[in-house]
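S.K.: Please find the sequence and the predicted model below.
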Amino acid sequence: MAPGTGQGASAAQLSRRVVFGEAVRRLMLRPESTSLAAVVILFVVFSMLSPGLFPSKLTYISFMSVASELGIVSIGVTLLMIGGHFDLSVGAVLGLASYVCVLLMRDYGVPPILAAPLAVAVGAALGAVNGALVVRFRIHSFVVTLGTMLIWRGVVIALTGGFPVMVPIPPGFKDIMSGPLLGGFKMSLLWFFVIGGVGTFLLTRTRFGNWIQARGQNELAARNLGVPVDRVTIILFMLTSALAAVTGVIQVARFSSVDALRGEGMELQAVAVTVIGGALLSGGYGSVIGTILGSITFGMIQVGLVLAGVPGHFFRTLTGVIVVGAVILNTSVARRMARSKPLGGFRRGSEAADAAIAGIAAAAAAKSSDQSASSDIRRAGPPEEPNR
Amino acid sequence: MTPTLPSPAHAQTSGTQARGGAADLHLHPRKIEPIPRDAVPVIEAVNVSKAFGATTALVDVSLKAYAGRILALLGDNGAGKSTLIKILSGVFPPDRGELRFRGEPVTFRNPAQARQLGIATVFQDLAVCELLSVTRNVVLGREPQMAFGPFKWLDMKRADEMARSALHQLGVRWERRLDERGINISGGERQSLAIARAMFFGSSLLVLDEPTSALAVRQAGRVLDHIVHARNQGQAVILITHNFRHALSVADDLTVLAQGRIAAHFRRDEIELDELTDLVARVS
């Protein structure tokens, strides 16, 4: 949808104020807007709280590391939630897949380059169990995965005996999974962004992504139109658990060990991240990019509170406040905005509006490229909605 | 077809005001061609019965739907209309009796099998996914793809073209709003979208469950125009409705169900609104 220059001429007479308003309206309509705001606000707040410590590269590396590991799990949970399901078992799957990875390397001498994919495959198989139970017995996924969470966690505790299991990790493998990347960031960040990119593409640009959204919005309509709804559900559960296993492998490489409580609590953190990222709890709508921003929010809170000298238990409180705030913003405000009319007499999705916004954004960018306001407009510039 | 019906071309050019009252305009009796003797019904139900536990839903119901004709299925709540169309569209099988598709006996194990034969059912609340765009709704389940090696992705350009021509074919007048989400298009437009989608992907029988029940007068008139258009394109149409006016304004044949049985069957030109109202009130 390239902005047509023809319509741009007629729209150029509209005041910049109206066009800017429309640009802001469109930005607010995107599912990522809340998490983007959370990232920006938290960054500013933490930078003010600990000006010498927070805005430093070491801090960025530190919170992006937290964000990467949680984010990879959350991307799976997000896709699943858009498909209309929950997975509470991701934390336990992460623990069990980690254990499998360690066991294969320590007791069977499997080289890590083989043990890692095997662990991910085990994760996918555990996900298939979840999916099959949900599809076959038509039980709500919340209940099914609550059950499997307890089962897998019990298995991990029994197998480890409650003690950490150590394994020597070859440095090469550690480097690939969690080693230093260019500029000091961890490799897990690269995995996080790659998986995030693939996830976004899958959701917005493939047939499967269309089916995920349709499954979450109107299962019966999708089924009626020939979407293989059950297959979509099972694949989604497998994907979610496989991504949890990927994080498990990254953590094994980082810690050279697995313990009985590995991944505990991550299932709810992933849901929180997904919700901050703009996904609807009722399914059908959400964004992987929002989830990426949501997990960065999480990482920032975790690291920023420590640097600000706030007692650690405030982490949960602040996270809770942000989750509730994000949900309120995402549901009530976004819904009202979605029903609102485009400003300045534009037709919805009209090329004239796109052209006017792009034109003013370009002018503003040219005039003052160093001002932060212009970057906001530019971000709003691309008229295409993520899900189109 | 009959001269009193607006032709598709007329429907596109005429003003909104004229179309608003479209449903009423056709109420005077019109001449309906009799069904040719050698015509084979697209779908035929023969002595179909269905019970749910102790509740009898259908008893020995037979019905035929022909290409290029609209069959209106009338009856009070609980008369068995929904059960009948669910059997026709493969949601569940009948307990007794059989279905014939173009003269051949068929059994549907699921809705997908019925759809493969070109039986497209538009259920009232299941027309669209509310947060998907119009384009994505039209192509849902049949998305065009581009491929590079093993990788496939959506061909959105072709999807837009498909959606545009599907809507254009039906003569709808909002075919340019392809980016609009389902939640932002009206109830009538949703029904029209579902009809356009069914026709575009080659249906031979269009089953519509109360397509006008939740609509304002003008919207209902438009949806009825689209149904007439589908019929004129050679579709067999089964229209379930509570609204006798709507039924009489577009249908060629009318079947009245009462307590799971066929209470009456007419050609459109054999009955008037008053008689029909009396009849349905009497039998149910």
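M.R.: Yep, it's here.
S.K.: CA only for contacts and neighbour counts going forward, please
M.R.: Fine.
S.K.: Next SSE downstream of the helix or strand containing B:Val61?
M.R.: Applying DSSP states H and E as the criterion places B:Val61 in strand B:55-65. Scanning forward in sequence from strand B:55-65, with DSSP H and E defining helices and strands, the next element found is strand B:70-74.
S.K.: Give me the domain ranges for the chain.
M.R.: In the absence of a named chain, chain A is used. As assigned by automatic domain parsing, chain A contains the domains A:1-54+A:310-388, A:59-274+A:284-307.
S.K.: should've been chain B
M.R.: Each domain of chain B is listed here as a residue range: B:8-27+B:67-92+B:109-128+B:186-283, B:133-184, per automatic domain parsing.
S.K.: Tell me who's in contact with the residue nearest the centre of chain B.
M.R.: Central residue of chain B (C-alpha atoms, centre = their mean): B:Leu208, 3.0 Å from the mean position. By C-alpha atoms under 8 Å, 6 or more residues apart in numbering or on different chains, B:Leu208 lies in contact with B:Thr121, B:Val122, B:Phe123, B:Gln124, B:Val237, B:Ile238, B:Leu239, B:Ile240.
S.K.: Wait, a strand at it?
M.R.: Yes. The assignment for B:Leu208 by DSSP: H, G, I helix; E, B strand; the rest coil puts it in a strand.
S.K.: Quickly list what it is bridged to.
M.R.: Judged by DSSP bridges, the bridge partners of B:Leu208 are B:Val122, B:Leu239.
S.K.: Quick one: the strands in the stretch 101-250 of chain B, in order.
M.R.: Secondary structure of the stretch 101-250 of chain B (DSSP state E, counting those that start in this stretch): strands at B:104-106, B:119-122, B:145-148, B:151-154, B:205-209, B:236-240.
S.K.: ok, the shortest one: who's next to it in the sheet?
M.R.: I take that to be strand B:104-106. Pairing partners of strand B:104-106, with direction, according to DSSP bridges: strand B:96-101 (antiparallel).
S.K.: hey, C-alpha coordinates of the partner strand in PDB?
M.R.: What follows is the C-alpha trace of strand B:96-101 in PDB, where atoms were taken according to Å, rounded to 0.1, in the frame of the first residue of the first chain:
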ATOM      1  CA  ARG B  96     -33.300 -42.800   9.200                       C
ATOM      2  CA  GLY B  97     -33.800 -41.700   5.600                       C
ATOM      3  CA  GLU B  98     -31.200 -40.700   3.000                       C
ATOM      4  CA  LEU B  99     -29.600 -37.800   1.300                       C
ATOM      5  CA  ARG B 100     -29.100 -37.600  -2.500                       C
ATOM      6  CA  PHE B 101     -26.700 -35.200  -4.200                       C
END
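S.K.: ok now that strand, how far from the chain's centre?
M.R.: For strand B:96-101, the separation from the chain centroid amounts to 20 Å (computed by C-alpha atoms, centre = their mean, to the nearest Å).
S.K.: Next, the buried residues of that strand.
M.R.: The neighbour-count criterion (16 or more other C-alpha atoms under 10 Å in any protein chain shown) identifies B:Gly97, B:Glu98, B:Leu99, B:Arg100, B:Phe101 as the buried residues of strand B:96-101.
S.K.: need those residues in a markdown table with pLDDT, can you?
M.R.: Listed next are those as a markdown table, based on pLDDT from 0 to 100:
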| residue | pLDDT |
| --- | --- |
| B:Gly97 | 91 |
| B:Glu98 | 91 |
| B:Leu99 | 92 |
| B:Arg100 | 92 |
| B:Phe101 | 92 |
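S.K.: And the helices in chain B?
M.R.: With DSSP state H as the criterion, chain B has helices at B:8-13, B:16-20, B:22-25, B:81-88, B:111-116, B:134-139, B:156-170, B:187-200, B:217-232, B:244-250, B:273-283.
S.K.: winner for burial among those?
M.R.: With neighbours defined as mean count of other C-alpha atoms under 10 Å in any protein chain shown, these peak in mean count at helix B:134-139, which reaches a mean of 28.
S.K.: That one vs chain A: in contact?
M.R.: Yes. Among the residues of helix B:134-139, B:Arg136 lie within reach of chain A under C-alpha under 8 Å from any C-alpha of the partner chain.
S.K.: what mean pLDDT does that helix have?
M.R.: Looking at helix B:134-139 alone, the average pLDDT works out to 90.
S.K.: Can you show me the CA trace of it as PDB?
M.R.: Provided in PDB are the C-alpha atoms of helix B:134-139 (Å, rounded to 0.1, in the frame of the first residue of the first chain):
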ATOM      1  CA  VAL B 134     -12.500  -8.600   4.900                       C
ATOM      2  CA  THR B 135      -9.900 -10.100   2.500                       C
ATOM      3  CA  ARG B 136      -8.700 -12.600   5.100                       C
ATOM      4  CA  ASN B 137     -12.200 -13.600   5.900                       C
ATOM      5  CA  VAL B 138     -13.100 -14.200   2.200                       C
ATOM      6  CA  VAL B 139     -10.000 -16.400   1.600                       C
END
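S.K.: Give me the contact list for that helix.
M.R.: Contacts for helix B:134-139 (C-alpha under 8 Å, 6+ apart): A:210, B:128-129, B:143, B:159-160, B:162-164, B:177-182, B:193-194, B:197.
S.K.: so does whichever helix or strand A:Thr59 is part of get close to chain B?
M.R.: Secondary structure assigned from DSSP H and E places A:Thr59 in helix A:57-82. No. Judged by C-alpha under 8 Å from any C-alpha, helix A:57-82 and chain B are separated, with a smallest distance of 11.2 Å.
S.K.: got it, and stretch A:281-290?
M.R.: Yes. Using C-alpha under 8 Å from any C-alpha, stretch A:281-290 reaches chain B at A:Gly284, A:Tyr285.
S.K.: And that stretch, end to end?
M.R.: Criterion C-alpha to C-alpha, to the nearest Å; first-to-last residue distance in stretch A:281-290 is 14 Å.
S.K.: pLDDT on that stretch, on average?
M.R.: Mean predicted lDDT for stretch A:281-290 stands at 90.
S.K.: Could I get the buried residue list for it?
M.R.: For stretch A:281-290, a neighbour-count test (16+ other C-alpha under 10 Å) marks A:Leu281, A:Gly283, A:Gly284, A:Tyr285, A:Gly286, A:Ser287, A:Val288, A:Ile289, A:Gly290 as buried.
S.K.: Could you tell me the least trusted of the domains of chain B?
M.R.: When the mean pLDDT of each of the domains of chain B is compared, domain B:8-27+B:67-92+B:109-128+B:186-283 ends up at the bottom with a mean of 79.
S.K.: so how far is it from its chain's centroid?
M.R.: Worked out by C-alpha atoms, centre = their mean, domain B:8-27+B:67-92+B:109-128+B:186-283 lies 5 Å from the chain centre.
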